[in-house]
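Colleague: No sequence on hand, only this structure:
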């Protein structure tokens, strides 16, 4: 089967960790024997801006690369800072990817798989309709949590895209139940919940743990290595308000009075870092909070292996892969009620789900896990077993392939060919 995947989130040299879950799915599909080609557009940036500012690295992103043995194309598309004119991105994307998409379709494509409805899915459907190729769209959360509410044009784009798609993948049950699909979506049978996964090979970290070099805790250098025993909380995620880092910081003073060796380590970077560092100082937590910044994925996994409790009390979270990674490391996790992960927390008892934005509930959940380490270990072992059975990328790829096959079989019943080839 020949799959053409479209995702602006796909990792590149400028954003090596962004959309890593899309890359991991593509890798797993290739391991199943599918032929996958990826189109991962990046913003067009004038040459004179090369090396300057936030977008200065994009001119150096190659137009084609094969980091995993299958081709990844990086056509340039017109975007604007702060997502200005975002409602028009399906059109700018379609124009920017036209040459490479047409070229790939000429080589034979059975199915197009776009990640997010707007702009990727909407752009993909322009080619799907033109060349009679079925299009699958994966919803990761932002389409429903943000794009639907951004403007009328954006909402209409998302809804039209899902209506015309041959299949829709939702990465959590929350996306199926909490956004009123039944009131505006048709053909609900084509919506399939397929959870993201983890690569178990990434979890098996070998060798001694070394503290990342040049760490600062509010300006104080740390000793390298684990010379002192700490009870560690860990959060991995972009530093944004909705990730809930500030709530954990506000819970710490009461906890440190009971657990003076408690250390909260934060992996990630983002717009909130300055505010979080200021809050850390205001609360007198300089000796208990470590801002590690953005780390390569293997280093983030090593941090995860060393923590006692993983906590990410975010809201507007469809289903973060980082929770699964923590579970795969046998760690009890704390997340928010009503979010994608709470489906697993409440049903499988692998951690605790707290009311969103509730500092007191966060404090009590952390306290209970620290006071009852055996309980946390039992949760962690259940989580590890669950991930290994149902939340690997291999499992995700098999379920995704089933959907592909159903769609192509249905297409054949309608008398259409399974793939489309154009004359070069």
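Modeller: Now that the structure is in, tell me what you want to look at. Everything numeric in this text was worked out from a predicted model, so none of it was measured.
Colleague: Please make it C-alpha for all contacts and neighbour counts, starting now.
Modeller: Noted.
Colleague: what sits against residue 73?
Modeller: 38-41, 63-65, 100 (Cα atoms under 8 Å, 6 or more residues apart in numbering).
Colleague: Look up how far residue 140 lies from it.
Modeller: Between residue 73 and residue 140 the distance is 22 Å, computed by Cα to Cα, to the nearest Å.
Colleague: Among the contacts of residue 73, which are located in helices?
Modeller: Counting by DSSP state H, those place residue 100 in helices.
Colleague: quick one: which of the contacts of residue 73 is nearest residue 262?
Modeller: residue 40 (41.7 Å; Cα to Cα).
Colleague: Tell me how many other residues surround the closest one.
Modeller: Close neighbours of residue 40, defined as other Cα atoms under 10 Å, add up to 22.
Colleague: Use 17 as the first number for this chain going forward.
Modeller: From this message on, residue numbering opens at 17, which makes the last subject residue 56.
Colleague: In this structure, spot the helix with the most residues.
Modeller: helix 409-429.
Colleague: Mind giving me the packing neighbours of it?
Modeller: With contacts taken as 3 or more Cα pairs under 8 Å, 6 or more residues apart in numbering; DSSP states H and E, helix 409-429 sits against helix 36-47.
Colleague: about what we covered before: by neighbour count, which of the contacts of residue 89 wins?
Modeller: Result: residue 54 is most packed of the contacts of residue 89 (other Cα under 10 Å), 26 neighbours.
Colleague: Correct me if wrong: that one contacts residue 85.
Modeller: No. Between residue 54 and residue 85 there is no contact, the gap being 11.4 Å when judged by Cα atoms under 8 Å.
Colleague: Residue 152 falls within a strand, correct?
Modeller: Yes. The assignment for residue 152 (DSSP: H, G, I helix; E, B strand; the rest coil) places it in a strand.
Colleague: Find me the pLDDT at it, would you?
Modeller: Residue 152 carries a pLDDT score of 98 in this model.
Colleague: Okay, it and residue 102: tell me how far apart.
Modeller: Following Cα to Cα, the distance that separates residue 152 from residue 102 is 22 Å.
Colleague: So between those two, which is more surrounded?
Modeller: residue 152 (31 against 19).
Colleague: residue ranges for the strands of the stretch 117-266 of the chain, please.
Modeller: For the stretch 117-266 of the chain, strands defined by DSSP state E, counting those that start in this stretch occupy the ranges 127-131, 151-155, 183-186, 207-209, 232-233, 236-237, 247-252.
Colleague: would JSON lines of the ones you listed with distance to residue 404 be doable?
Modeller: Output for these, formatted as JSON lines (distance: least, Cα to Cα, whole Å):
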{"stretch": "strand 127-131", "distance to residue 404": "25"}
{"stretch": "strand 151-155", "distance to residue 404": "23"}
{"stretch": "strand 183-186", "distance to residue 404": "21"}
{"stretch": "strand 207-209", "distance to residue 404": "18"}
{"stretch": "strand 232-233", "distance to residue 404": "35"}
{"stretch": "strand 236-237", "distance to residue 404": "38"}
{"stretch": "strand 247-252", "distance to residue 404": "21"}
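Colleague: Go ahead and report the secondary structure state at residue 338.
Modeller: Applying three-state DSSP: residue 338 is helix.
Colleague: Provide a list of residues in contact with it.
Modeller: By Cα under 8 Å, 6+ apart, the neighbours of residue 338 are 252-253.
Colleague: separation between it and residue 395?
Modeller: Distance, residue 338 to residue 395, by Cα to Cα: 16 Å.
Colleague: Residue 248 now?
Modeller: Separation of residue 248 from residue 395 (Cα to Cα) stands at 17 Å.
Colleague: just residue 121 next, same as before
Modeller: Relative to residue 395, and taking Cα to Cα, residue 121 is found at 47 Å.
Colleague: do residue 217 as well
Modeller: Here residue 217 is placed at a distance of 22 Å from residue 395 (Cα to Cα).
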